[in-house]
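Colleague: Structure, please.
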Amino acid sequence: MAGLSTPRNLRATLSSITPQESRISTYVYVYNVRVCMVKAYRYGTSPKLKNVKSYLQGFYIKHEQTMGKKLSPEYFKLIRDVLREKKDEPQRPLKRKRGRQPPKQPSEVIKVESSSPEPEVIEVESTDELFEEANENDRNNEENSSNDAHHDEGGDDDYNTDDNDYQSDEFEDVTEPVGTPEPLGDISVSVDTRKTDSKVTKKARNVVSNDERHWRRYFHMASLIGLLFHGYVRNDWINNSKLQKKLCRLVPDKILENLHPEKDEELPLRSTRKLLDGLKMCMEIWNKHWKIMKGYEGTGCYMKFWDEIRVPYNKRLRLTEKDFVKQVLKGVGDRDMAAQGFVALLRSCNVNARLIMSLQPPDFSDLKVADTRNRHVSPSTLFKYPIFWCEVWDKFSKKWITVDAINLKTMEQIRSQSKLEPRGTGCCQRNMLRYVIGFDRKKGVRDVTRRYSHWFNCKCIRKRITKDPQGDDWYAKVLKRLHERKRTRMDDYEDEYFEQRDESEGMPDNIQDLKNHPRYILEKDLKINQIVKPGCKECGYLNVHNKKDLWKVYEKKNILDLKSARQWYMEGRVLKVGSRSMKKVPKRTRSGKEEDEEENLYSCEDTELYVPPLASEPDGKIVKNAFENIEVFVPSMIPYNCVLIKSDLAVKAARLLRIEHARAVTSFNFEKGRSTKPVIGGVVVARWFKDAVLCAIEGLENTAEQEDFERRELENLTRWNLLLVKLRIKSELNTTYGKVEEVHRGGSENGALDANDHGEVDDGDDDEMMGGFIVEGHEVAPEPQREPEIEADDEDMNASEEGQAESKHRVDLQDGQDDNDSYDEFLDELNMSEQD
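Modeller: Numbering: from 1, shown residues only. The predicted structure follows:
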């Protein structure tokens, strides 16, 4: 900036401006001049401060106008007292603006190497000296400042516009360097591009892997089977005839009358009341008979956590039926056995009582790796709710009465919420009401969880294996295998009661419980091919937190599933004449992308059953499509006078008989590249050709079996022929040339042909064979001189040696001959020898 490149020029500019002699005005003036000076030095090239001299002169004119008049004594005294008080008070330190904190480990490191030998030195002067020098110049140049007061008013305008933009709190005391810095020399910059580790690390998810998830699901199913079989066996032991005969003696005749009251025609409730009184008396008798002397070994039948399952359990708990009967008659055991004994007591009185067991397999919906729950819960809280209890059939009200004679000592006919449903965090850790199974005296097994779970459809079902169709089918098959009695009217009454419980459950009050609910659905969860039935209203609203809108809730029975004409045809239905689409959606291509065209969707009411054309008589000609096939996706698509024969040989049999037929396309396979291939599931022929085609298929199957048998027999005979040929060749060689002993590597049988040409014999001493190295303490002995061989005088020994040499020579000749002769000539020689 011109005129202000150094502090000296700035002082000269300030010296030409002199305030009045007032101490207060001088203080205010000097303070503002200081601010302007600092601003001018820091922002010397700022366009707002191009003419600092005019700016300061304009400020002085305004200051002179406002402070030119003397203050009144009252105001002067007031300002003086305030200044004295401010002087005595301790001043707080100036606040620093928090700057951006540099990273601990910078991602780039820049090293600057300057060619200058010494670093640059900057001298800093105190601002007090500047102010003192400015005051002296102001006193000496008082006349000059008065002349400058007649400056144009342009500086006043600059002050009015820029004074608000520059606050005093934004500046700090700075000084000017003594000299102009010299230009730097060559600079070399080295950049370190090493990446630093990110400070922000993602929190590890406490979720198990996919394999562990499948393993927990299968273990849950296995535990469920084991617990079901445990209850089945205990129910069978309760029916022990000897046990029931002895337990019947504990019940007096008066109580037996209450257990079997007569029906009151006027008021059936009286009969139910007598039954309840009899059950209450039986509870008192059993509590006097049974003494709980010990608790559970471990957790008993209560639920175990996943980390507890990994720990091996070395104890073997074995209880036979004989031991069970003894403990029940003695009245000593845990709570579970006491509840089972009470069921045996009621059955001994000829009461229709069934054993209820709440199965507690490990929770497969728990996907946490580490369980962070607090397990330090008192046994009284943990085992408050029972695992086993009893149900008694009330033939007067057609309902089951729940009886817990051991834990809660209560009886109830459940209408809304059961007293036996666990409540509280501590009680629900190892007792989660998910599978409640009833075992009756006729070996019937039934799931009665719906009676005891208040929120069965929204909370309980998410913990069960039946939440998906595959698990539901598996669970139904397991119960069907254990169920051994026929269906009775009691089952019908119970099914009606369960339906009433479903209707009275009510609508959930949160989004999580409404997901996959069997009865209710949110409007926002409707699929693209679903709509609400015309004229149906919502059954409720859901108020979501932090949102103003209310979400509508509908019953699933009021939701329509729409499909295209092709999809309805795949299900054996076609559109009615004049039907209109209820919704239009973008059409999708094979690549999965949406087209501009729209596809019409129809409801089931707009379709009718597809009736295929009949086959002509008597030739049985069938109407086919352009590919000479007939589409049979459902059984109703088969013509009325035709049959579908599912066999791999059906098409071949029909062609062999030369009858009219059509290949049946039952489905499609979607392969890679979005390609589809039809699946031929058999052949469609007229009914009068059915027997002929079946006989032809049977004949083709027999022929195929016979061919397969002949092929395998031929392979076996070929192998036997090869083995016999090898044995014949070996026998012929032994007969013609003598038996040859086989020589093994490293030695031979009986020591034959093991010596070298010089007759040397290996002494078998391998002590010095140490891997090719000389061991310390073993000196190499000099090689002894060979003595001349001694001729054998024994003629027999010479003859044997000559015989061995001759036989060896014959074997070598024979090997050479075998190599030259062909295999066919050798077989001809064998055949000639056999004929001789």
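
Colleague: Mind pulling the model confidence for the closest residue to residue 287 other than its chain neighbours?
Modeller: Nearest residue to residue 287, sequence neighbours excluded (CB to CB, 6 or more residues apart in numbering): residue 405, at 6.8 Å. All C-beta spots, glycine's among them, are computed from the backbone N, C-alpha and C. Per-residue pLDDT puts residue 405 at 93.

Colleague: correct me, but residue 405 touches residue 342?
Modeller: Yes - counting by CB atoms under 8 Å, residue 405 does reach residue 342; the two are 4.7 Å apart.

Colleague: hang on, the earlier thing: residues contacting the residue nearest to residue 287?
Modeller: With contact set as CB atoms under 8 Å, 6 or more residues apart in numbering, residue 405 has these partners: 282-283, 286-287, 338-339, 342, 389-390.

Colleague: The top strand by length along the chain: partners in the sheet, and parallel or antiparallel?
Modeller: Ranked by residue count and defined by DSSP state E, the top strand of the chain is strand 676-686. Its sheet considered, strand 676-686 pairs with strand 642-645 (antiparallel), strand 662-670 (antiparallel) by DSSP bridges.

Colleague: closest to residue 346 out of those strands?
Modeller: Across the strands paired with strand 676-686, residue 346 has its closest neighbour in strand 662-670 (54.8 Å, CB to CB).

Colleague: low-confidence ranges in the stretch 501-650 of the chain?
Modeller: Along the stretch 501-650 of the chain, the model assigns pLDDT under 70 to residues 589-596.

Colleague: Can you show me the helices along it?
Modeller: For the stretch 501-650 of the chain, the helices defined by DSSP state H, counting those that start in this stretch cover 511-514, 565-570, 650-657.

Colleague: Which neighbours do residue 405 and residue 342 have in common?
Modeller: Overlap between the contact sets of residue 405 and residue 342, as judged by CB under 8 Å, 6+ apart, is given by 282-283, 286, 390.

Colleague: What angle do helix 650-657 and the next helix or strand after the longest strand of the chain make with each other?
Modeller: Sequence-wise, the next helix or strand downstream of strand 676-686 (DSSP states H and E) is helix 690-737. On the basis of axes from the mean of the first three to the mean of the last three CA atoms, to 10 degrees, helix 690-737 is oriented at 100 degrees to helix 650-657.

Colleague: in the stretch 151-300 of the chain, which segments are predicted with low confidence?
Modeller: For the stretch 151-300 of the chain, residues meeting the criterion pLDDT under 70 lie at 151-204, 298.

Colleague: where along it do the strands fall?
Modeller: 188-191 (DSSP state E, counting those that start in this stretch).

Colleague: Over to the stretch 501-650 of the chain?
Modeller: For the stretch 501-650 of the chain, strands defined by DSSP E, counting those that start in this stretch occupy the ranges 520-522, 530-532, 540-543, 550-555, 559-561, 573-575, 583-588, 594-601, 607-609, 629-631, 642-645.

Colleague: Report the buried residues of the fifth one.
Modeller: What it means is strand 559-561. Under the neighbour-count criterion of 16 or more other CB atoms under 10 Å, strand 559-561 has 559-560 buried.
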